[in-house]
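A.B. asks: Let me see the structure of the following:
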Amino acid sequence: TAQSRHPYSTLITFVYPPESEGKRCQLSFLRDYTTYTAGTGQIDVFSTLAPPPATCPAEWPPGNRRNNQLGRLRVNNLEYSPWEWVTTANLTTLTPCRPVGTVESFEYVGVGDTDYVRWDPKSADRSGPRILIVQNV
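C.D. replies: Sure, this is the predicted structure:
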């Protein structure tokens, strides 16, 4: 859940699978019928300085690990969310995927004072943040 009425954000960690080798990747958000939004329905996306440890997010050292802002996604319809604007082409457009096994984390933050975006990663369509993997053409 990315929410800004209260100071909440969500850390998402991806591990590049063998299927990504030699392909192009793009960071996105899939909204399905289980996704709920209020307010602007926009999410700012940031890279992180280091992924949280796999053992427990509560063990992540205190302090903000937020790094560079990649851009802003609009979560407004039942499909992949468009980027409203971007600060880099890296993963906001199709770029070469990282090497297999690379671990990468991102922070998702609601934009407005009363924004709320909730998704169910257990839904049939697996709503929420994802990295799309596309065959090179």
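A.B. asks: My guess is Val100 contacts Cys25. True?
C.D. replies: No - contact criterion C-beta atoms under 8 Å: Val100 and Cys25 do not qualify, at 11.7 Å. The way it works is simple: take the backbone N, C-alpha and C, and place the C-beta from them, glycine included.
A.B. asks: which of those two has more neighbours?
C.D. replies: Neighbour count, other C-beta atoms under 10 Å: between Val100 and Cys25, Cys25 has more, with 22 against 13.
A.B. asks: And the more buried one, what's its pLDDT?
C.D. replies: pLDDT, Cys25: 95.
A.B. asks: and if you look at the one 3 residues further on?
C.D. replies: Here the pLDDT value assigned to Ser28 is 89.
A.B. asks: name the helices or strands packed onto the host helix or strand of it?
C.D. replies: Per DSSP states H and E: Ser28 is located in strand 24-30. When contacts are defined as 3 or more C-beta pairs under 8 Å, 6 or more residues apart in numbering; DSSP states H and E, strand 24-30 packs onto strand 66-74, strand 95-96, strand 128-134.
A.B. asks: so which of these gets nearest Gln42?
C.D. replies: Ranking these by proximity to Gln42 (C-beta to C-beta) places strand 66-74 first, at 5.4 Å.
A.B. asks: any idea how far Ile131 is from Pro96?
C.D. replies: 12 Å (C-beta to C-beta, to the nearest Å).
A.B. asks: Same drill for the two, tell me which one is more crowded.
C.D. replies: Ile131 (19 against 12).
A.B. asks: Report how many residues lie close to Ser81.
C.D. replies: A count of neighbours around Ser81, defined by other C-beta under 10 Å, yields 21.
A.B. asks: contacting residues for it?
C.D. replies: By C-beta atoms under 8 Å, 6 or more residues apart in numbering, Ser81 lies in contact with Ser28, Phe29, Leu30, Arg31, Ile43, Leu73, Arg74, Val75.
A.B. asks: Return the member of the residues you listed nearest to Ala89.
C.D. replies: Using C-beta to C-beta, the contacts of Ser81 come closest to Ala89 at Ser28, 14.3 Å.
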